[in-house]
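Chemist: Here you go, sequence then predicted model.
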Amino acid sequence: MPVKSDREYRNMVLEVHMADDEEKIVRGYATVFNEPYTLYEANNFRMEEVVSDKAFENTDMGDVIMQYDHQGRVFARISNNTLTVTPDERGLLIEANLGGTELGRQLYEEIKGGYTNKMSFGFTVDGEAYEDTRDSDGKTVTVRTITSIRKLYDVSAVSLPANDATSISVRSLIDGEIERIQAERLEAEKRAKETERLKLRLQLERNRHGN
């Protein structure tokens, strides 16, 4: 699947809810609000992300669709009332009726049987904030807070817990943050060296004038 360079993808857990024998409804949260989760962790670096409960206040959700692995057939969509996407006090609640097509009903059975139990959603960010801290082990921790989401494109059942689109978008984000942290460290080291040179120069001047 070609990954859109401006889109990000995150996994979510999918649950099954049966309203009656005729409907095939799946329900789950695309994300929960104000709860940090780890995107990546290495020996000396960890990146966490948190979605603000205000992030979806101005989001374009005009015709979100439900797919499989972010491609191919559409199993549900907002425009024909088979998909609802609703921010509530916990997070972004997704509910899809998969009973409209044969393939949709097959997907429902796969989800019901536990063969498919993960989803991913595609979105673009409009506002974000970063904070760098250190944990008790001295590891650098970057916390990214998503304050505003511009557009929600799709929710997709995925074949693997971390599908390629999710991995690529997260990797790209992490690489950018590592580069930013490294650049800030180099700048800090440069400023420290300049400060030491200035102190040495001032000391030499004092020594020259007998102070």
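Modeler: Arrived safely, thanks for sending.

Chemist: and Lys112, how many neighbours?
Modeler: 14 (other CB atoms under 10 Å). C-beta coordinates here come from the backbone N, C-alpha and C atoms, glycine included.

Chemist: ok, the closest residue to it other than its chain neighbours - how many residues close by?
Modeler: Distances taken as CB to CB, 6 or more residues apart in numbering place Val16 nearest to Lys112, at 4.9 Å, with adjacent residues excluded. Per other CB under 10 Å, the neighbour tally for Val16 reads 17.

Chemist: residues touching Val16, list them.
Modeler: Val16 sits next to 25-27, 108, 111-112 when contact means CB atoms under 8 Å, 6 or more residues apart in numbering.

Chemist: Give the bridge partners for it, please.
Modeler: Here Val16 shows beta-bridge partners Val26, assigned using DSSP bridges.

Chemist: From the contact counts, what lies against whichever helix in the chain runs longest?
Modeler: Taking DSSP state H as the criterion, the chain has its longest helix at helix 164-208. With contacts defined as 3 or more CB pairs under 8 Å, 6 or more residues apart in numbering; DSSP states H and E, the packing partners of helix 164-208 are strand 8-17, strand 37-41, strand 45-51, strand 118-134, strand 140-157.

Chemist: Most neighbours among the contacts of Val16, which one?
Modeler: Most surrounded of the contacts of Val16: other CB under 10 Å gives Val26, at 26 neighbours.

Chemist: low-scoring stretches of the chain, by residue?
Modeler: For the chain, the stretches with pLDDT under 70 are 1-5, 18-21, 161-170, 210-211.

Chemist: how does it look with 80?
Modeler: Within the chain, the stretches with pLDDT under 80 are 1-6, 14-22, 72, 159-189, 192, 199, 201, 203-211.

Chemist: what's the closest of the contacts of Val16 to Thr145?
Modeler: Relative to Thr145, the closest of the contacts of Val16 is Arg27; by CB to CB it sits at 26.4 Å.

Chemist: Quick check: that closest one touching Leu93?
Modeler: Yes. Counting by CB atoms under 8 Å, Arg27 touches Leu93, with 7.1 Å between them.

Chemist: nearest to Met61, of the helices and strands packed on helix 164-208?
Modeler: Closest to Met61 of the helices and strands packed on helix 164-208 is strand 140-157 (CB to CB; 4.9 Å).

Chemist: Counting by contacts, list what that closest one packs against.
Modeler: With contacts defined as 3+ CB pairs under 8 Å, 6+ apart, the packing partners of strand 140-157 are strand 45-51, strand 65-68, strand 83-87, strand 118-134, helix 164-208.

Chemist: what residues does the helix or strand that the shortest one is followed by touch?
Modeler: This points to strand 65-68. Next helix or strand after strand 65-68 toward the C-terminus (DSSP states H and E): strand 71-77. By CB under 8 Å, 6+ apart, the residues outside strand 71-77 that reach it are 1, 63-68, 82-83, 96-98, 100-101, 103-104, 107, 157.
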